[in-house]
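K.L.:
next input, structure requested:
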Amino acid sequence: MKYHKIEIDDEVFEYLKDKAEAFVDTPNTVLRRELLQKRNKVVITNKVSTKFPEFPSGIPTALRHTLEVIYMVRERGMSRPDATKSVAERHKVEPQTVLDKYCRQLDRKAYEIDRLLDEVDLSNFKRILRQKYMDHTSTIENFFSSLNS
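P.N.:
Reported below is the predicted structural model:
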C-alpha cells in the first residue's frame with residue numbers, strides 16, 4: 001500500500017491522540033477507523049438489542065471476550081476500541097487484556113481486526129475463530145448466525 005505524508009494542526013493531532021489505543025494505533029489506523037468505519041458500517045435496524053449474548057460456561061475466556069467485542073461493534077454500533085473498553089469493564093479487567101485476546105492470540109494487528117469487523121458477512125473472522133477454537137465451532141456458528149438474523 002502506498003503512503004502519503006500530510007500536515008495536520010495541533011488540534012487534529014490531539015484528536016488523533018485521544019482516539020488512539022496506546023501501543024496499538026498509528027495516526028493512519030485512527031484515521032482509517034474514524035473515517036472509513038462509518039462509510040463501511042453495515043446498516044442495522046433501529047432496534048438495538050439490550051440483551052447480551054449468552055455463551056456456554058466452558059468456552060475459553062479469549063473466545064468469549066472476542067465474541068463480545070464483535071457483538072458490541074456489530075449489534076451496538078460501537079467502535080472496536082470502545083467495545084474493547086466496554087468488555088473490559090464488564091469483566092473487570094484492563095482493556096489491554098481484552099485487546100490481547102483478539103490480537104496477540106489470533107496473531108493479528110488491531111488494524112487487521114478492524115478490517116475483519118468491516119466485512120459485511122464476517123466470514124473471514126468466523127473462519128479464523130473456527131481454526132483457533134476447533135472444539136467450540138458450534139458456539140461460534142451459533143453466535144455468527146444470531147448476528148445475521
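K.L.:
looking at this protein, which helix or strand does the model trust least?
P.N.:
The weakest-scoring helix or strand in the chain, judged by mean pLDDT, DSSP states H and E, is helix 37-40 (a mean of 53).
K.L.:
in the next helix or strand after that one, which residues are buried?
P.N.:
Next in sequence after helix 37-40, counting helices and strands by DSSP states H and E, comes helix 61-76. Neighbour-count burial for helix 61-76, counted by 16 or more other Cβ atoms under 10 Å, picks out 62-75. Every residue, glycine included, has its C-beta placed from N, CA and C.
K.L.:
where in the protein is pLDDT low?
P.N.:
Confidence mapping of the chain against pLDDT under 70 gives the ranges 37-51, 148-149.
K.L.:
tell me the buried residues in whichever helix or strand residue 85 is part of?
P.N.:
Assigned by DSSP H and E, residue 85 belongs to helix 80-91. By neighbour count on 16+ other Cβ under 10 Å, the buried set for helix 80-91 is 80, 81, 82, 83, 84, 85, 86, 87, 88.
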